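[1] please work out how this folds:
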Amino acid sequence: MTDNIHPSAAVDPRAIIDPSAVIAANVKIGPWTMVGAGVEIGEGSDIRSHVVLMGPTKIGKNNRIYQFSTVGDDTPDLKYKGEPTELIIGDDNVIREGVTIHRGTVQDRGKTIIGDKNLLMAYVHVGHDSVIGNNCILVNNAALAGHVNVGDWAILSGFTLVHQFCHIGAHSFAGFGCGISKDVPAYVTVSGTPAEAKTINSEGLKRRGFSAESIAAIRRCYKIIYRQNNTVDEALAAMAPIAAEFPEVQLLADSLTQSQRGIVR
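    Predicted coordinates:
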């Protein structure tokens, strides 16, 4: 044990802990887990057996990381030359078996960032410099290439593959086995390879307490974007009066204006 391990932490004696690692109160670390240099684990987190944590990595409070996950290792991106980049993980995340999460590169933000209350199911991959918001679900074998941005409450179904630099909008939904190579606007449901827009994620919005009126407004905007043969600029102009009345629509408009790869069609 080292001075950086809080007395209340329960660290299995078979775990390997670097002397520089910082382990907060009430953390649990299972057998044969390795905690490398520059790793910080927040209060109440539960790290199961056979986990590899590499740094520099900051893990917040009350996270659960399951066996055989590798979190905070170097990226295999060929431009990475060993620079001291970071991984930052927020609070209350569940990271299931076999998940891989890589740190950033200096050519981008230098950080991979995961917010709060996310569920990453078995064998999910989060590539370098990616950003995941809050309350997202990535189902088994979903994979994010480098530089991907995932908005709050997005759901990526199993075996979804996301091309580098894509933005996945808040409250969007990707069906099983999607191949996403363009940006997915907020609220939109996509499926197929290549991914195509199908409808809005109305069921998810109902579960999150969106009013029937705001859902109807979002659906109207979806039709403006996808059913009226508008360009993005034309759609934004037509959506402006609706966004003025329903603030929820502004999130959809912002996801269009911020798109750099073009949106799925």
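[2] and stretch 51-67, which residues are buried?
    Using 16 or more other CB atoms under 10 Å as the burial criterion, the residues of stretch 51-67 that qualify are 51-66. Where C-beta positions appear, they are placed from N, C-alpha and C, glycine not excepted.
[3] next one: stretch 7-14
    Buried residues in stretch 7-14, counted by 16+ other CB under 10 Å: 9, 11.
[4] figure out the length between the terminal residues of that stretch.
    End-to-end span of stretch 7-14 (CA to CA, to the nearest Å): 17 Å.
[5] ok, and what's touching it?
    Stretch 7-14 has contacts (CB atoms under 8 Å, 6 or more residues apart in numbering) with 1, 5, 17, 23-33, 49.
[6] mean confidence for it?
    On average, the pLDDT along stretch 7-14 is 98.
[7] for this protein, which spans come out with low pLDDT?
    1 (pLDDT under 70).
[8] so where do the helices sit in it?
    202-207, 212-226, 232-245, 247-257 (DSSP state H).
[9] quick revisit: just the buried residues from the contacts of stretch 7-14, in PyMOL please.
    Per 16+ other CB under 10 Å, the buried members of the contacts of stretch 7-14 correspond to this PyMOL selection:
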select buried, resi 5+17+23+24+26+27+28+29+30+33
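[10] which two of the contacts of stretch 7-14 have the greatest separation?
    Greatest spacing in those, by CB to CB: 25 and 32 (23.0 Å).
[11] hang on, the earlier thing: and the helices of the chain as JSON lines, adding distance to residue 165 and mean neighbour count?
    Converted to JSON lines, the helices of the chain look like this (distance: least, CB to CB, whole Å; neighbours: other CB atoms under 10 Å):
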{"stretch": "helix 202-207", "distance to residue 165": "25", "mean neighbour count": "15"}
{"stretch": "helix 212-226", "distance to residue 165": "21", "mean neighbour count": "18"}
{"stretch": "helix 232-245", "distance to residue 165": "18", "mean neighbour count": "15"}
{"stretch": "helix 247-257", "distance to residue 165": "15", "mean neighbour count": "18"}
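[12] output these as a markdown table; include the columns distance to residue 147.
    Shown next, in a markdown table, are the helices of the chain (distance: least, CB to CB, whole Å):
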| stretch | distance to residue 147 |
| --- | --- |
| helix 202-207 | 25 |
| helix 212-226 | 24 |
| helix 232-245 | 21 |
| helix 247-257 | 17 |
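[13] which one of those lies nearest to residue 119?
    That would be helix 202-207 among the helices of the chain, by CB to CB, at 14.2 Å.
[14] and residue 154, how far from residue 182?
    Separation of residue 154 from residue 182 (CB to CB, to the nearest Å) stands at 15 Å.
[15] still on that earlier bit, quick check, nearest of the contacts of stretch 7-14 to residue 91?
    Looking across the contacts of stretch 7-14 and measuring by CB to CB, the closest to residue 91 is residue 24, at 11.9 Å.
[16] okay but the closest one is in contact with residue 41, surely?
    Yes - using CB atoms under 8 Å, residue 24 is in contact with residue 41, at 6.2 Å.
[17] wait, residue 251 sits on residue 188?
    No - contact criterion CB under 8 Å: residue 251 and residue 188 do not qualify, at 11.4 Å.
[18] give me the common contacts of the two.
    residue 169.
[19] quick one: which of residue 154 and residue 182 has more around it?
    A side-by-side neighbour count of residue 154 and residue 182, using other CB atoms under 10 Å, places residue 154 first with 26 against 20.
[20] and the more buried one, what is it in contact with?
    By CB under 8 Å, 6+ apart, the contact list for residue 154 reads 133, 136, 137, 168, 169, 170, 171, 172, 173, 174.
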